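S.K.: need coordinates for the below:
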Amino acid sequence: METDNHRSSESLSLISSKKTTMETATRMIPFETEKISNGTGDGGGGEGSNSDDLYYENFRDEGGGERDGERRDIAAAAVATLKCVVSSSERVQESYCDKCFERTFLPILPIFLRRHFFPPTIPSTVQLLRPSNIAIPMCYLSVGILQGLSGPLINVYPLLLAATEAQQTTISQIRSLPASFKLPFGFLSDNVPLYGYRRKSYMMLGWCLSSLSMLLLLTVSDLSRVVHTSNNDGDDDENNDDGEYNSGYDPSPNAPSIPLFGAALLLYGTGFWLADVMGDSIVAEKAKLEPISSRGHLQSTCYASRFFGLMVAYPLSTYLYSSPSYGPSFVVKLMATVPLLNIPFIFMLGEKRNVYVASTKEQCLEIWSTVRSRAVWQPMGFVYLYNVLQIGNAAWKEFLRTVLHFGDVQLNAFGIVANILLYVGVLSYKHCLMDTSWRSVYVWCTLLNGALSLLQLLLISGNTFGIDPYVFAMGDEVFADFLTGVQFLPTTIMMVHLCPPGSEGASYAMFTTVNNSAMGLANALSTKVLHIWDVSKETLMNGEYDGMMKLTILTSLVQMSGVLFVRWLPATKEELMDLGWRKSSSLSNEDNIEDVGNETGGKRWRKDGSILGGTIFLVITFLSVAFAIVVGVGNVLFGGSS
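M.R.: Presented below is the predicted three-dimensional model:
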């Protein structure tokens, strides 16, 4: 053991003294974590693991001889550095709460439950139900619960306040506007520790801000409703579907104004998304410590928690809001309470304090080096193009209301069932499709979703084979959400593998921003294609469905066209990592590569990557963020005045 420590110390000294060696070792670590973490259950760094031998395989030529001494030292340094990361992370988690947990709770837990929730083959750093990790799934669960609780409130309460359509658009945009700042949130936590912590302090700050915003709203206004005694305003026809909220109730005399309600939601969203980014950053860090056999289960468990919270909270919020005994005031009280429930778990969260933080310049250079890699810009290019092509039929909801006469209760039922199947889709991928090719998942889900979209043609023409139109429409709508759940996890798992060490917050936020901004652009394009054919409400009321048929065919074909770019997407995690390598015979600039194998046929590390690919990726990223901010701010500043 002393020899190993001595070698690790010498290797780390070599890295610190040679800048080029450090750069090479740093780039090796993310790609070799797969090998090293597949050890004996202690992060792969314990005695008896063959991580050194596995790592050195790429440093031997076909004859079995070792490469030159300097590259051998680089390999040893990379192994030692990764072992230090794993071992120190393990030591951080051995908090007082963990020790009490292991002494009191684990021994009385049945063996089958212990092996299921705390398997010995999984490092303790990624066992989510340990006291030092429980804050992570709780964060994701809270995100889902708060999304579900706030949804019906934001959709309906502005109507009670007599908000115009423009003001309703403003309110719906305000909560999601801070999501455009996920990249600055992540970069801030990577570079500026708060009270010595990079994640847990910001997570606590975010949840406290969300709770405080709702408490202030409750303090300075009255969200209760009063029974409406007269009905002479003549607005019943316009708001027929919302009669319970407009005809049945009036806001209290001290109800919040639209600007006050919007300001509270802005603070709420800021804290909400700040905490969400911290949760994503921690998962991006810990996911690299998973053994190969369970790689991806950490993320799938966290997102399953999130969608479970959404699935439960959405119908609960709908019921509580509609109930005369509770109403919007009670929903807001829940929104103020749920964030505070995370605070004790955040105190127990295992995170090392006052760790070394690379300079802002170094982190920017590391991110720039990352985005230049083909392993980043190629798959993320596919994600962006694929999501941009998911242009929906924006006139479909109007068709359901105007032609099929579906009311708000029926449409809300769509949302409830859709959230359930979204959760089932995530679980299906986690338990049944985790080892399936990413390409296969995307291809089959895209083709099935396109077929379901084309089934809308039968509903438009009235040929539902004797099935009630509501049941037929629900089957079409909710099964599409099931496919979305199946398709969701491969993208997030891929994004985690792309994050460079030390910059997980900014890099993962950047990747999710690219994903989300592409979907936002697709929504904007879906409103533009409405003008190609006449699908207005008046046209549909007159029984003219030709434009609706053509629009449905167009959007369905455009959505399915995403599979044309599926070759850009790696099939597996191993293929994703291989994108960071290139055969030596295909590289002309010998100064920009490092040998890690046979000179004639082995792999060589591409040191510089593609400047053009990285530049295009960053330009698209920042333009997408700017687009989201301009649209969001525009709706906030000008939507309410129209």
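S.K.: OK, contacts around the closest residue in space to V388 that isn't next to it in sequence?
M.R.: Using C-beta to C-beta, 6 or more residues apart in numbering and skipping residues adjacent in sequence, the residue nearest V388 is A518, 4.8 Å away. (Each C-beta comes from the backbone N, C-alpha and C, glycine too.) Going by C-beta atoms under 8 Å, 6 or more residues apart in numbering, A518 touches V383, Y384, L385, Y386, N387, V388, S624.
S.K.: what about the nearest residue to I122 once chain neighbours are set aside, neighbour count?
M.R.: Closest residue to I122 apart from its sequence neighbours, by C-beta to C-beta, 6+ apart: S294 at 6.0 Å. Other residues lying near S294 total 17 when counted by other C-beta atoms under 10 Å.
S.K.: sorry, back to before: SS state for the residue nearest to V388?
M.R.: helix (DSSP: H, G, I helix; E, B strand; the rest coil).
S.K.: that one and Y386, how far apart?
M.R.: A518 is 8 Å from Y386, where distance means C-beta to C-beta, to the nearest Å.
S.K.: now swap in Q559 and tell me
M.R.: The value you get for Q559 to Y386, if C-beta to C-beta is used, is 9 Å.
S.K.: may I see the buried residues of the helix or strand that contains K528?
M.R.: Using DSSP states H and E, K528 sits in helix 504-528. By neighbour count with 16 or more other C-beta atoms under 10 Å, helix 504-528 contains the buried residues 504-518, 520-522, 525-526.
S.K.: stretch 537-555 too?
M.R.: Neighbour count says stretch 537-555 has T539, L540, Y545, G547, M548, L551, T552, T555 buried, by 16+ other C-beta under 10 Å.
S.K.: any weak-confidence spans in the stretch 151-300 of the chain?
M.R.: 165-166, 169, 228-248, 293 (pLDDT under 70).
S.K.: need the helices for it, in chain order.
M.R.: Ranges of helices in the stretch 151-300 of the chain, per DSSP state H, counting those that start in this stretch, are 165-176, 182-191, 200-220, 243-246, 258-286, 297-322.
S.K.: other SSEs contacting the first one?
M.R.: Meaning helix 165-176. helix 135-160, helix 258-286, helix 611-638 (3 or more C-beta pairs under 8 Å, 6 or more residues apart in numbering; DSSP states H and E).
S.K.: can I get the ones you listed in TSV including distance to L129 and mean neighbour count?
M.R.: Shown next, in TSV, are these (distance: least, C-beta to C-beta, whole Å; neighbours: other C-beta atoms under 10 Å):
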stretch	distance to L129	mean neighbour count
helix 135-160	8	23
helix 258-286	14	23
helix 611-638	35	15
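S.K.: any chance of the ones you listed in JSON lines, plus distance to M577?
M.R.: Formatted as JSON lines, those follow (distance: least, C-beta to C-beta, whole Å):
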{"stretch": "helix 135-160", "distance to M577": "25"}
{"stretch": "helix 258-286", "distance to M577": "16"}
{"stretch": "helix 611-638", "distance to M577": "17"}
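S.K.: out of these, which gets nearest to G475?
M.R.: helix 135-160 (22.5 Å; C-beta to C-beta).
S.K.: what about that closest one, distance to the chain center?
M.R.: Distance of helix 135-160 from its chain centroid, counting by C-alpha atoms, centre = their mean, to the nearest Å, is 16 Å.
S.K.: from the chain's centroid, how far away is stretch 366-375?
M.R.: With C-alpha atoms, centre = their mean, you get 20 Å for stretch 366-375.
S.K.: kindly apply the preceding question to stretch 555-570 instead.
M.R.: 21 Å.
S.K.: so which residues make contact with it?
M.R.: For stretch 555-570, the external contacting residues (C-beta under 8 Å, 6+ apart) are 378-379, 381-383, 385-386, 389-393, 438-439, 442-443, 446-447, 449-450, 453-454, 456, 494, 526, 529, 576, 578-579.
S.K.: likewise stretch 369-387?
M.R.: Counting by C-beta under 8 Å, 6+ apart, 27, 442, 491, 494, 498-500, 503, 507, 511, 514-515, 518-519, 522, 562, 565-566, 568-570, 576-577, 579-580, 582, 606, 608-611, 613-614, 616-618, 620 sit against stretch 369-387.
S.K.: just to revisit the earlier point, now do the helix holding K528: distance to the chain's middle.
M.R.: 11 Å.
S.K.: and if you look at stretch 274-285?
M.R.: 9 Å.
S.K.: list the contacts of that stretch.
M.R.: Identification of contacts with stretch 274-285 by C-beta under 8 Å, 6+ apart yields 136, 139-140, 142-143, 178, 182, 185-186, 189-190, 198-200, 202-203, 205-207, 209-210, 298-299, 302, 339, 342, 349, 351, 495-496, 499, 504-505, 507-509, 512.
S.K.: again, only using 7 Å
M.R.: For stretch 274-285, contacts defined as C-beta atoms under 7 Å, 6 or more residues apart in numbering pick out 136, 139-140, 143, 182, 185-186, 189, 199, 202-203, 205-207, 298-299, 302, 496, 499, 504-505, 508-509, 512.
S.K.: same question, stretch 405-424
M.R.: Contacts of stretch 405-424 (C-beta under 7 Å, 6+ apart): 241-242, 304, 307-308, 310-311, 314-315, 318, 400, 470, 474, 477-479, 481-482, 484-485.
S.K.: which of Q559 and Y386 has more residues huddled nearby?
M.R.: A count of neighbours by other C-beta under 10 Å puts Y386 above the other of Q559 and Y386, at 25 against 20.
S.K.: how far away is that one from N449?
M.R.: For Y386, the distance to N449 - C-beta to C-beta - is 12 Å.
S.K.: same thing with V156?
M.R.: Distance from V156 to N449, by C-beta to C-beta: 29 Å.
S.K.: next, the residue lying closest to T527 once chain neighbours are set aside: secondary structure please.
M.R.: Closest residue to T527 apart from its sequence neighbours, by C-beta to C-beta, 6+ apart: A394 at 5.4 Å. Recorded secondary structure, A394: coil (three-state DSSP).
S.K.: against V535, how distant is A394?
M.R.: In this view, A394 and V535 are 9 Å apart by C-beta to C-beta.
S.K.: which residue sits closest to G502, ignoring its sequence neighbours?
M.R.: Of all residues beyond its chain neighbours, the one nearest G502 is A358 (5.5 Å), with distances taken as C-beta to C-beta, 6+ apart.
S.K.: how about the one you found, secondary structure?
M.R.: On the basis of three-state DSSP, A358 is classed as coil.
S.K.: that older thread, give the next helix or strand downstream of the helix holding K528.
M.R.: Next element after helix 504-528 (DSSP H and E): helix 537-541.
S.K.: what sits up against that following helix?
M.R.: Applying C-beta under 7 Å, 6+ apart, the contact partners of helix 537-541 are E398, F399, T402, V403, G547, M548.
S.K.: please apply the same query to stretch 315-334.
M.R.: 148-149, 151-153, 156-157, 214, 217-218, 223-225, 244, 412, 416.
S.K.: dump that stretch to CSV, restricted to CA.
M.R.: C-alpha atoms of stretch 315-334 as CSV (Å, rounded to 0.1, in the frame of the first residue of the first chain):
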residue,chain,number,x,y,z
PRO,A,315,-54.0,15.6,-10.3
LEU,A,316,-53.7,16.4,-6.6
SER,A,317,-53.2,20.1,-7.4
THR,A,318,-56.2,20.0,-9.8
TYR,A,319,-58.4,18.5,-7.1
LEU,A,320,-57.2,20.9,-4.3
TYR,A,321,-57.7,23.9,-6.5
SER,A,322,-61.2,22.9,-7.5
SER,A,323,-62.3,22.0,-4.0
PRO,A,324,-64.3,24.6,-2.1
SER,A,325,-62.5,23.5,1.1
TYR,A,326,-59.0,24.3,-0.2
GLY,A,327,-58.6,26.4,-3.3
PRO,A,328,-55.6,28.3,-4.7
SER,A,329,-54.4,29.5,-1.3
PHE,A,330,-53.8,25.9,-0.1
VAL,A,331,-52.0,25.0,-3.3
VAL,A,332,-49.6,28.0,-2.8
LYS,A,333,-49.1,27.0,0.8
LEU,A,334,-48.0,23.6,-0.4
